[in-house]
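Engineer: 3D model of this:
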Amino acid sequence: FNMRHRLQTEYRMRQFNTTVSVHHPNNRLRFLVDAYLSHTQNVQDFVQNHPSHALVQFNLTQPDAGAILANAFGLPESCWGHHNKNAIRKTGKPPKK
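Structural biologist: Numbering: from 1, shown residues only. Here you go, the predicted structure:
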């Protein structure tokens, strides 16, 4: 699945539809929500139609997300965590050297 291509195509198509303009902030948010939900459903349908594939679904913000991934993939929980965090975004200042 190429989500970027799909979003770009849908965005271009909706630009020409004057009844659903993506230029209004509320419509942009609705467009992104619809695209996310549609993509999620497409992935779920694909996995259901191809039983050799496995799908792991979880809430990334759950405190036990690492344990869920460790259990699903057989890797230690320590492999799943926050890496390469943007220190500037978190603190508003560049990291000290």
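Engineer: what packs against the longest helix anywhere in the chain?
Structural biologist: Counting by DSSP state H, the longest helix found in the chain is helix 25-49. With contacts taken as 3 or more C-beta pairs under 8 Å, 6 or more residues apart in numbering; DSSP states H and E, helix 25-49 sits against helix 3-15. Quick note: C-beta positions are derived from backbone N, CA and C, even for glycine.
Engineer: can you do 6 Å?
Structural biologist: For helix 25-49, there is no helix or strand it packs on, judged by 3 or more C-beta pairs under 6 Å, 6 or more residues apart in numbering; DSSP states H and E.
Engineer: can you list contacts of the helix or strand following that helix?
Structural biologist: Moving toward the C-terminus from helix 25-49, the next helix or strand (DSSP states H and E) is helix 65-73. With C-beta atoms under 6 Å, 6 or more residues apart in numbering as the test, helix 65-73 has contacts from 56, 58, 77, 80.
Engineer: and the first one, what's its pLDDT?
Structural biologist: Each residue has a pLDDT score; the one for Val56 is 90.
Engineer: widest-spaced pair of the contacts of helix 65-73?
Structural biologist: Val56 and Glu77 (14.4 Å; C-beta to C-beta).
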